[in-house]
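In: need the 3D shape of this:
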Amino acid sequence: MKSIVLLVVIGAICVTIGMIVLSEANQSVLEERAVVMAKPLIAEKEIVFDKKLLSQNKTFLDRLNELAVEGNAKIFVFSNLEQLPELFHDVKTSSENGLGSMLSGNSAALVLSTPLERLKQMYVAQQYKEVLVAFDKADWYGEVDQAMEIRILAVLELSKKYLEDEHVGEAIFLLEHQLNMKANAARIYPVLAQAYTDQGRIHDALRLLQEGGVIIDDREQARQLLAIQSSMVNQHLNFLKKNGHWLELIKFVESDPIPGSDDYYRYKLEAARAYIELFQLDQAEEQLVLAAFDPSLEGIVLKLKEQIAALRLELQQQAKEDQIKDAIHIPIMIRGDAIFVKVQVNEKVEATLLLDTGASITHLSSRILKELGRDRVYPDGERIFITASGKMKAPVARVEKFQLNEAGVSHLLIAFSDIFATDSGVDGLLGMNFLKFYNFNFDLDKGFLVLSSKEI
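Out: All right, here's what the predicted structure looks like:
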């Protein structure tokens, strides 16, 4: 009898040991399964593991934590590993499945959150790109307005960063896409308008603000957009005047209409001033006739007419002193639609320039400046210029003599900038600040630029 009892006891012990071994084997299998299934998600910055195993096995927790740290990953906690095959697809395709994570010491807990709360958490964490991705993946149903508001805030922050880093194109793409999604997003308009302005697209900026003032439902917000628009018009005019971009100013004020303003007579006055700067005195007088219809501008109009009369006398005197009686024929080179001339600067440096009647000022390359040195070159600070590729800043200086054969101008203002490639054979632009002193036309058959003294 004793032997039978002993056998039963030994059998029970063996069964218990077998169950323990089996349990440990199952535990090990589950651990390996979790690790194997977690590894592919490291690229997605997500790690998945089982809450129960964490509480029972510190070694397993350490292994998963190492994976998380090495992969800079998020950790998702499930209450049962058997859920993993079903939920993995959702985890990989969308981070908005309502699951978050929290770690404290060696413990982990399941944190439930709604997609909207998760979107807010991303924004607070300054994960702005993740906000855009999460918004596009989720179905928002009744929370779309709240989610869209968070998306707009993220777009504004990202655009601000792009503009600070001078990645204007990326900012414009982001902002335009946001307006396509929600046209009445009032805060987007001024930021996108500024980005357009940074690209030299002032009319696009003004038109955008004009459209926003119509589309926006909130009248106060619409009024603010139109106020920004009016301010932008004035800022652009001041910029053009300060930097001597007279041709660009004339083109701007003669656009019909200027978006954001109906101050017709004031802009005629500005056009008259620009024509005076270009010594196009007949056109200036035409603009003053129109500006005079505003009684409040009468005093300014009279002063500008007096200035025109004085300039006519000055030009007459200069013509006599220069004694340019006969037409001067300047050889030209024609390449396609472009015309090039040779000029002499300070009687010692020759340059090949593209003749550009759309350029307010003459440009020479930095190579020419180096050859000229400091002799008879008088620096005059820096100015901002508008080119086909946007705005650029360049030093300006006056040179003592600037000539096309017998035709010349003393103390001509020059901008020194590398508009053309060094191997192009072109050293700059011949602009209107030289040509304005002459009547000019082209004899293309014989290959000449013909200059003659102006009839004042």
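In: which other residues reach stretch 293-304?
Out: 265-266, 269, 272-273, 276, 284, 288, 291-292 (C-beta atoms under 8 Å, 6 or more residues apart in numbering). The way it works is simple: take the backbone N, C-alpha and C, and place the C-beta from them, glycine included.
In: switch to 6 Å and redo it
Out: Stretch 293-304 is contacted by residues 265, 269, 272, 288, 291-292 when judged by C-beta atoms under 6 Å, 6 or more residues apart in numbering.
In: neighbour-wise, give me the winner out of those residues.
Out: residue 272 (29 neighbours; other C-beta atoms under 10 Å).
In: look at it and tell me its secondary structure.
Out: Classification of residue 272 using DSSP: H, G, I helix; E, B strand; the rest coil returns helix.
In: quick one: residues contacting it.
Out: 284, 287-288, 304.
In: skip the chain neighbours and tell me the closest residue to it.
Out: Of all residues not flanking residue 272 in the chain, residue 287 sits nearest, at 3.7 Å (C-beta to C-beta, 6 or more residues apart in numbering).
In: isn't the one you found right up against residue 270?
Out: No. If you go by C-beta atoms under 6 Å, residue 287 and residue 270 don't touch, sitting 8.6 Å apart.
In: which one of these two has more residues nearby?
Out: It is residue 287, of residue 287 and residue 270, that has more neighbours when counted by other C-beta under 10 Å, with 26 against 20.
In: pull the residues that contact the strand or helix carrying that one.
Out: For residue 287, the element it lies in under DSSP states H and E is helix 281-291. For helix 281-291, contacts defined as C-beta under 6 Å, 6+ apart pick out 265, 268-269, 271-272, 275-276, 297, 301, 304, 308.
In: most neighbours out of those residues, which is it?
Out: Busiest of these [other C-beta under 10 Å] is residue 272, holding 29 neighbours.
In: quick check: which ranges of the stretch 101-250 of the chain have low pLDDT?
Out: Applying pLDDT under 70 to the stretch 101-250 of the chain picks out residues 101-114, 141.
In: any idea what residue 329 is bridged to?
Out: Bridge pairing for residue 329 (DSSP bridges) gives the partners residue 450.
In: one step back: how near is the residue nearest to residue 272 to residue 280?
Out: In this view, residue 287 and residue 280 are 10 Å apart by C-beta to C-beta, to the nearest Å.
In: stretch 425-437: which residues count as buried?
Out: Within stretch 425-437, the residues that count as buried by 16 or more other C-beta atoms under 10 Å are 426-437.
In: now stretch 335-348
Out: 339-343, 345-346.
In: for those residues, give me TSV that also has secondary structure and distance to residue 314.
Out: As requested, these are exported to TSV (DSSP: H, G, I helix; E, B strand; the rest coil; distance: C-beta to C-beta, whole Å):
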residue	secondary structure	distance to residue 314
339	strand	30
340	strand	31
341	strand	26
342	strand	29
343	strand	24
345	strand	25
346	coil	24
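In: go ahead and flag the most central residue of this structure.
Out: Nearest to the mean C-alpha position of the chain, by C-alpha atoms, centre = their mean, lies residue 168 at 1.6 Å.
In: test my guess that that residue contacts residue 197.
Out: No. Residue 168 is not in contact with residue 197 according to C-beta under 6 Å; the separation is 9.7 Å.
In: now do the nearest residue to residue 183 once chain neighbours are set aside against residue 189, distance only.
Out: Closest residue to residue 183 apart from its sequence neighbours, by C-beta to C-beta, 6+ apart: residue 215 at 5.5 Å. Residue 215 sits 9 Å away from residue 189, taking C-beta to C-beta as the criterion.
In: comparing those two, which residue is more hemmed in?
Out: Shown here are residue 215 and residue 189; by other C-beta under 10 Å, residue 189 has more neighbours (28 against 15).
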